[in-house]
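> here are the coordinates; sequence isn't available:
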């Protein structure tokens, strides 16, 4: 059992208001299964079923009849669903009453109508108003190829308005999947339409039946009054008056319709003239159609119409045709000018340029529009580049008045573009340089860096289209088939071959402008005198750092790779390689200069905290600074394909070598400055010793201020480490990064370091040895001591013990700073003391027996105590001192000397211990 269909539902009507007999389209749901299923349709209470045309289950077309209600619903009734409802309403407007003599202009709906007086068919609907669906059923377009249908029905057409109409073709094309029952319904619809035409007169009578009844009633009333009057043509009678009224009405009607008929005759003559000119309407309408199509941008249509008109009327002798064809030529000439202006207009896409060139080629434009376009594009690229420079120069001068710390790259904290280099890879994509740009980075970056990035992005984005336009011009792909047939393509190829040198000069000019603009921003000293104004103009208060120059080099490299991918000849791009080489050299020079400045500031970072080897962090910071600088230059030093070595020029090698030597010398000067500063010029710092250090002396604590001698010792320790490790490591890094003259750098630096070390050592020995040496002579002769007249020796005198204590203090001070310096310092101290002691002994004129024994005791005691630090010089001095004494003649004196020596060593065992265990252990290491 099938489910009952839903009642009809009207959801829309268009238009939703109008006067009587307005044609409306009703849309909704369940509006019937076919024309026979529709049994009722009322709008505002008036039955419109007679004019209804069922289109589909969701669409009905009808005309609104006369109704009493001004506004009402649309009710559809079907057999299958019954009486329906409506969600919309229709508003009936009252027509404006026009007198019979008033002029009016209305749009007459041209449809088949009938003259009610003659019952003759008076109209044939135009093609545009004939029904699009004559069968009255849903159209289902098939998928049959049009070519197959044309081959199947040669000379026929599926257009039912055509004289060669083929019903079979129409059914295959529009109803290939329609069921047989629906086709039956279509037959019924066709019969219904035919019956409507045959029943035209009867339909008119049915529609105006009330009018006939009113006319009959009026005539009956007149007849009754005439019979009651009983007079015939009596003057003033009702019959006479009626006759006069009818005569006046007849005369007025004749006058009115004579004018109408006259206009009808004039319209017929005009129509006949139009029919005669119908076959030539293409030419007469062509100027206006050209104007309209130009405004719409349909240039292809204009060109096709022009070609057609040219072939038909180009050589006509008819004056009317010649006049209209001349107008067509005027419009085409204006179009040529318009297309040429659009072609030369910038900016423009490559697609639009090719399109306009094809249009001008098809319109046989004079000259060579393609070459004109290439020249205009070349000038536009140059203008863009120079405008870019001018804008950034103005912006730099405008913002330079306000100092921004973020733009100060010479401060201690320089913004690093390393993290930003990955974003610059958009250049390699050929886009656009694209992308994901950070506004904060742009604000921090110097104007020259942002300018170079913008400039290279501009060239990389514009030059590919410029190059492709030239390639298309050379191979003839800019022109259409029409141009190829006319031989214009061959002429264009010939012109392209002749203009290859001119185009090469254009590319070279763009490359030269690009390079010189970048040089003006980054390397102004490399420009000639006359080029500075055109390509320079930047404010060079501070030079860019090596990091920003590295970023610029990466940007230019990516631009070069993008241009190389266009297959531009290498000789045209060589100037960019030269620029990259100069930028790389400049980057190395600037980086090394900034490195020297950074190393100079290392003195401010010296904290004087030493480790168990007597070293501060300064040598390590120095090496790290050099290594970091060289690592930052790795990208610059590495050669990309097609690039030359940065050290290929002898001058570059010499400059880099001198700068490297200068860096080493700056650090050496830094060490000397730190070690020789007056105490008041040095910030309070403290010396700390590692907990793991075996030092147990503890004479210098963490809370004690450093003396100038202690700073000299720390500097000596650092110098020793630099000579043995740091400078050698730095030399390896220089060689690793391809630096030339590393041996010279190392040799000069080592010599300078050794000179500093010797100066500092002599300074320290002088400060420590002089007081000890100076105290010997006063100590020897204290208490009016006389070598000629003295008592038997009872032991070593105090002056020597004081000298030993002072030597031990020096030992402790050096040992606390650096154990490795102890032998070197102590040996020189012993040499100074022994030399002075030898001099004093040699100055004595004569010794008594006791005096000689006393002197020998003290010399031997000192010699034996510092025996581990004796050198050939000190041994010689002690030998000379002993030789200046009389020899011991008796065994008693020798025995006494030995006993006194042992007593001295025993009594000062603790003090002299530092010269035994620690020193010997140290010497072994």
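Perfect, I can see it now. Computed from a predicted structure; not experimentally measured.
> so the nearest residue to residue 780 once chain neighbours are set aside, which of the three states?
Spatial nearest neighbour of residue 780, excluding adjacent residues (CB to CB, 6 or more residues apart in numbering): residue 799 at 5.9 Å. Bear in mind the C-beta positions are built from the backbone N, C-alpha and C, glycine included. Following DSSP: H, G, I helix; E, B strand; the rest coil, we place residue 799 in the helix state.
> what sits against residue 799?
By CB atoms under 8 Å, 6 or more residues apart in numbering, the contact set of residue 799 is 775, 776, 778, 779, 780, 782.
> mind checking which of the residues you listed are buried?
775, 776, 779, 780 (16 or more other CB atoms under 10 Å).
> any idea how far the last one is from residue 841?
In other words, residue 780. 10 Å (CB to CB, to the nearest Å).
> what does the first one give?
Distance from residue 775 to residue 841, counting by CB to CB: 16 Å.
> quick one: find the helix or strand in this structure with the lowest mean pLDDT.
helix 917-924 (a mean of 44; mean pLDDT, DSSP states H and E).
> quick one: low-confidence parts of the stretch 251-400 of the chain?
273, 276-277, 279, 399-400 (pLDDT under 70).
> need the helices for it, in chain order.
Assigned by DSSP state H, counting those that start in this stretch, the helices in the stretch 251-400 of the chain fall at 281-296, 299-313, 319-344, 350-362, 369-399.
> need the winner for burial among these.
Ranked by mean neighbour count under mean count of other CB atoms under 10 Å, the helices of the stretch 251-400 of the chain are led by helix 350-362, which reaches a mean of 21.
> now for that helix, which elements pack on it?
For helix 350-362, the elements it packs on are helix 299-313, helix 319-344, helix 369-399, helix 447-475, helix 481-486, judged by 3 or more CB pairs under 8 Å, 6 or more residues apart in numbering; DSSP states H and E.
> want to try CSV for those helices, with distance to residue 751 as columns?
Below are the helices and strands packed on helix 350-362 laid out as CSV (distance: least, CB to CB, whole Å):
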stretch, distance to residue 751
helix 299-313, 82
helix 319-344, 70
helix 369-399, 46
helix 447-475, 40
helix 481-486, 79
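> between these, which gets nearest to residue 711?
With CB to CB, the closest approach to residue 711 among these belongs to helix 447-475: 42.7 Å.
> so which bits of that closest one are buried?
447-467, 469-470, 472-474.
> and what of stretch 82-94?
82, 84, 86, 89, 90, 92.
> state the mean pLDDT of that stretch.
Throughout stretch 82-94, pLDDT has a mean value of 90.
> in what helix or strand does residue 68 lie?
Assigned by DSSP states H and E, residue 68 falls within no helix or strand.
> could you list the low-pLDDT ranges of the stretch 1-150 of the chain?
1-4, 69, 96-132, 142.
> all strands of it, in order?
With DSSP state E, counting those that start in this stretch as the criterion, the stretch 1-150 of the chain has strands at 9-14, 17-18, 23-29, 38-43, 46-47, 53-56, 59-63, 71-78, 82-83, 85-86, 89-92.
> ok so, going back, need the residues touching each of residue 780 and residue 841.
Residues touching both residue 780 and residue 841 (CB under 8 Å, 6+ apart): none.
> where does the stretch 701-850 of the chain dip in pLDDT?
Of all residues in the stretch 701-850 of the chain, those with pLDDT under 70 make up the ranges 701-704.
> burial measure for residue 880, as a count.
Using other CB atoms under 10 Å, residue 880 has 16 other residues around it.
> for residue 849, see how far away it is.
21 Å.
> repeat that for residue 627.
The gap separating residue 627 from residue 849 is 70 Å, by CB to CB.
> who are the contact partners of the closest residue to residue 369 other than its chain neighbours?
Excluding the flanking residues, the one nearest residue 369 by CB to CB, 6+ apart is residue 360, at 4.4 Å. By CB under 8 Å, 6+ apart, residue 360 lies in contact with 336, 339, 340, 343, 369.
> can you pick out the most distant pair from those?
Within the contacts of residue 360, 336 and 343 form the most distant pair, 10.3 Å apart (CB to CB).
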